[in-house]
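Chemist: Sharing a model that was predicted from the sequence below.
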Amino acid sequence: MRAILLLLTMLQDGTIEFPEPPAPSPVIHDTQPQPSVDTFATDQLYLIQSDIALVILASPAGVLQVTPTKQGAVIFSRFAGGKGLEERAVSRAHGYVVRGLAAGTAELLILPAGSADLTDLRRRILNVTAAETTPPDGRPQPPADDVAAAFRQYEKSWRAAQGELADRLESGEITSEKAAADWFSVAGQEARKQAFLPLLRAESVVFGGEGWTAEKHARYVRRYADGGNRKSAQAQ
């Protein structure tokens, strides 16, 4: 009996913390509750914290990237609901950083790890908007697509890996050029994987597997090549 009560306590809504949680909605019987809706930009992070481990799936692929983190992690970035760059620490046992890879709408499906009971399912709809940035020349940048977001993420991870390599060299943990090259080879590969995996997942959904055709593949990846020529295409 105690074990059942403990499990029910762990699965209460309060164990999962979303950015600016909305006020509880009144209970409406015989009606399917609608998922919450939140909006943030591609240069912001959406931080979810929980006392219990979660399985978080995003649908459709290619809009959101979910990265787990642990209690005590300190993240310096822009956050959904925040103002400018700030530092936030993960205060609960489990943290999940949601990044918008491209402008669009996607849904998060959230379950406690190990649960197969759909009554435990939490849903969250996120609207991702393009970052509003103004370069020194005063002209606004065009909205970032998923390819630009992937390369930005890769650059950020690559720079972070270089900083970690410098720390390891200065601490004496890495003591040879070969060891440094080997370490960064693994770190760089992981950075590429984390940055570009959402693109590969989106491709597999659109044209992968038994439904693959050369026409589908070409039509989808053509936008990769055309993305950098958006301005010239609009001018024609």
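Modeler: Cool, got the structure. Quick caveat, the model's predicted, so the values are computed rather than measured.

Chemist: Am I right that Ile52 falls within a strand?
Modeler: No - looking at Ile52 with DSSP: H, G, I helix; E, B strand; the rest coil, it is coil, so not inside a strand.

Chemist: May I have stretch 169-178 exported as CSV, CA atoms only?
Modeler: Presented in CSV, the C-alpha positions along stretch 169-178 are these (Å, rounded to 0.1, in the frame of the first residue of the first chain):
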residue,chain,number,x,y,z
LEU,A,169,45.4,20.3,-21.7
GLU,A,170,46.0,22.9,-19.0
SER,A,171,45.1,20.4,-16.2
GLY,A,172,47.6,17.8,-17.5
GLU,A,173,44.9,15.3,-18.3
ILE,A,174,46.0,15.3,-22.0
THR,A,175,49.8,15.2,-22.5
SER,A,176,50.4,14.6,-26.1
GLU,A,177,49.4,16.0,-29.5
LYS,A,178,48.0,12.6,-30.6
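
Chemist: Show me the shaky parts of the chain.
Modeler: Scanning the chain with the threshold set as pLDDT under 70 gives 1-14, 20-37, 132-145, 227-236.

Chemist: Just give me the neighbour total for Lys216.
Modeler: 14 (other CB atoms under 10 Å). In short, each C-beta sits where N, CA and C put it, glycine included.

Chemist: following the longest helix along the chain, which helix or strand comes up?
Modeler: In the chain, taking DSSP state H as the definition, the longest helix is helix 177-207. Downstream of helix 177-207, the next assigned helix or strand under DSSP states H and E is helix 214-227.

Chemist: what's that next one packed up against?
Modeler: With contacts taken as 3 or more CB pairs under 8 Å, 6 or more residues apart in numbering; DSSP states H and E, helix 214-227 sits against helix 146-171, helix 177-207.

Chemist: repeat that for 6 Å
Modeler: helix 177-207 (3 or more CB pairs under 6 Å, 6 or more residues apart in numbering; DSSP states H and E).

Chemist: relative to helix 146-171, how tilted is the helix it packs on?
Modeler: Orientation of helix 177-207 against helix 146-171 (axes from the mean of the first three to the mean of the last three CA atoms, to 10 degrees) gives an angle of 160 degrees.

Chemist: next one: helix 177-207 to chain centre, how far?
Modeler: Its chain's average C-alpha position is 15 Å from that of helix 177-207, according to CA atoms, centre = their mean, to the nearest Å.

Chemist: re earlier: return the set of buried residues in the longest helix of the chain.
Modeler: Using 16 or more other CB atoms under 10 Å as the test for burial, helix 177-207 gives 183-184, 187-188, 191, 194-196, 198-199, 201-203, 206-207.

Chemist: packing partners for that helix?
Modeler: Secondary elements touching helix 177-207 (3+ CB pairs under 6 Å, 6+ apart): helix 146-171, helix 214-227.
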